[in-house]
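**Student:** Could you work out the structure for the sequence below:
(chains A and B)
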Amino acid sequence: MSRKENKKQVAAIKGTKDILPREARKWQQVETVIEATCERYGYREIRTPIFEATELFQKGTGETSDIVMKEMYSFLDKGGRSLTLRPEYTPSIVRAIIEHRLYLQPQPMRYYYIGPMFRYDKPQKGRYRQFHQLDIEVFGEKDAAVDAEIVEMASGLLSQLKVKGTDILVNSVGCRKCRPGYHKELRRQAELARDSLCSDCQRKISTNPLRIFDCKEESCREISQGFPKITDFLCQECDEHFKIFCSYLDLYGLKFKVEPRLVRGLDYYTKTTFEIVSTALGAQDAILGGGRYDDMIKDFGGPDVCGIGFALGVERLLSLIPEEKEPENIVYLVCLGEEAKKEGMLLAQYFHKKNIECLLEYKSRNLSNQMSRANKIGAAWVLIIGEDEIKKKRFQLKNMASGEQEEVTPEEALHIIRGNI
RNA sequence: GUGAGCGUAGCUCAACAGGUUAGAGCACCGGAUUGUGGAUCCGGAGGUUGGGGGUUCGAAACCCCUCGUUCACCCCA
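**Tutor:** Predicted coordinates:
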């Protein structure tokens, strides 16, 4: 095999990327904050397989959604089953809840998970074919207080992570009783204005009339302002739910915008939908989005248990968080000669057992060189092991930041290092 | 799926308007300095210019195809 072929073969798949150690550290930090926040609100982790029966998403995510129609990684396994790498998490949780009768547990049940999702979409800023989501779901609670609590938690999480300049957008998309009436009326009015709309919007009349509100053409914007809003068409139950939801957001002191054109692209949403957006993200401005889906469990043949949740794009979130350098606390063992190396191996073993991060230089280099390496990896301490030190069983411990150095036993070194960490 | 821009060393970028052996900074390795790091100086390694084809006496540059990437549309996290 030629070098070129080899080079081509090892490249990461389009739309995927490696998370290298420097960035992985940031992921760990963010994941730790996310997990702690979720647990504090009573959420528990639930892990499901990364692939499922294709049918699960066709039924759950919706046959007419873009995700199912053109973005799924589906394939046949060797047993001829049609499987799909999950494009989103909600259907998997719903499946698990029904399969394990989790609805028999005290309600509401709260679950969270962070993991990779897969969508065959053209990559661009904030959009990858393998990406990660935090997914949180609450089941079995109709009260709009839980809708508000979820938004409050999401908002709190973002401020804890020092994400600034975000907006909370909320809407209600109604239910199966009131939504069809609205769609019909919106289509009717858009049809009347068809000739004045751009070609893009003309197409949206039949595909997704709500998207006309998003058009960037000035003329379309003006026209769409006269169109009816979903919030004017809600049935009494949905209308009350939405008003109470908004009043609870006020109670929390959260600033939000009612965005009647906010529509989630997934078919299953009912009543509350929301997004938190940031203009710093570019065209894909949603950090997280979600809503209520009161019919899904029932539609899957389970009991009539309602659900609500959101998905947060981890890559998008990370792109908004500045990198913070954490100081390394490594002890670097400098060894002068073969005997010193053996002594160093034993000392490294000693420090590792005492929970100290410690590295040993294997190559026999001169002291200057080894010091230079210690400096490069950002070691906080250097322990010098030479002939004299081995004889005395006392070693030179150097604080790399201050440059101070003293002769100590391993036990004393441990004490000093711990005292300064 | 549609459209536009960009692919030169690990990274950031040079190379008049097509003309010797494709350069520099940072990073890396070695030395100055065989018991003391960061600074400085000297040296080294690293490239079939994403890949393939074409035009030309001559291509990193021009044309075509392809792959990748970026941004936007569609849609979404």
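**Student:** How about the backbone phi and psi for whichever residue of chain A sits closest to RNA strand B?
**Tutor:** Closest to RNA strand B within chain A is residue A:265: 0.6 Å, counting by CB to the nearest atom of the strand. Heads up, the C-betas are built off the backbone N, CA and C, glycines and all. Torsion angles at residue A:265 (phi, psi; degrees, to the nearest 10) stand at phi -80, psi 0.
**Student:** neighbours around it, how many?
**Tutor:** 14 (other CB atoms under 10 Å).
**Student:** now swap in the one 10 residues further on and tell me
**Tutor:** Burial measure for residue A:275: 23 neighbouring residues, criterion other CB under 10 Å.
**Student:** which SSE is it in?
**Tutor:** strand A:270-278 (DSSP states H and E).
**Student:** helices and strands around that strand, which ones?
**Tutor:** helix A:144-160, strand A:166-172, helix A:236-251, strand A:286-292 (3 or more CB pairs under 8 Å, 6 or more residues apart in numbering; DSSP states H and E).
**Student:** Okay, now the sheet partners of the last one, with direction.
**Tutor:** This points to strand A:286-292. strand A:270-278 (antiparallel), strand A:307-313 (antiparallel) (DSSP bridges).
**Student:** what does the last one rub up against?
**Tutor:** Around strand A:307-313, the neighbours that count as contacts under CB atoms under 8 Å, 6 or more residues apart in numbering are A:88-90, A:94, A:126, A:131-141, A:146-147, A:150, A:154, A:272, A:274, A:286-294, A:296-297.
**Student:** Can I take it that residue A:284 is in a strand?
**Tutor:** No - per DSSP: H, G, I helix; E, B strand; the rest coil, residue A:284 lies outside any strand segment and is coil.
**Student:** my guess is residue A:317 contacts residue A:163, does it?
**Tutor:** Yes - judged on CB atoms under 8 Å, residue A:317 makes contact with residue A:163 at a distance of 7.0 Å.
**Student:** Comparing those two, which residue is more hemmed in?
**Tutor:** Set residue A:317 next to residue A:163 and count neighbours by other CB under 10 Å: residue A:317 wins out with 23 against 18.
**Student:** related to what we said a few turns ago, could you export the helices and strands packed on strand A:270-278 as JSON lines, including mean neighbour count?
**Tutor:** JSON lines is the format used below for those (neighbours: other CB atoms under 10 Å):
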{"stretch": "helix A:144-160", "mean neighbour count": "20"}
{"stretch": "strand A:166-172", "mean neighbour count": "21"}
{"stretch": "helix A:236-251", "mean neighbour count": "17"}
{"stretch": "strand A:286-292", "mean neighbour count": "24"}
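**Student:** so which of these comes closest to residue A:45?
**Tutor:** Proximity to residue A:45, assessed across the helices and strands packed on strand A:270-278 by CB to CB, is greatest for helix A:144-160 (15.5 Å).
**Student:** circling back to that earlier point, export the strands paired with strand A:286-292 to JSON lines and tack on distance to residue A:20 and mean pLDDT?
**Tutor:** Formatted as JSON lines, the strands paired with strand A:286-292 follow (distance: least, CB to CB, whole Å; pLDDT from 0 to 100):
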{"stretch": "strand A:270-278", "distance to residue A:20": "25", "mean pLDDT": "95"}
{"stretch": "strand A:307-313", "distance to residue A:20": "20", "mean pLDDT": "97"}
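**Student:** and the closest residue to residue A:377 other than its chain neighbours, what does it touch?
**Tutor:** What sits nearest to residue A:377 in space, not counting adjacent residues and going by CB to CB, 6 or more residues apart in numbering, is residue A:330, at 6.5 Å. Residue A:330 makes contacts with A:357, A:358, A:359, A:377, A:378, A:379, A:380, A:381, as judged by CB under 8 Å, 6+ apart.
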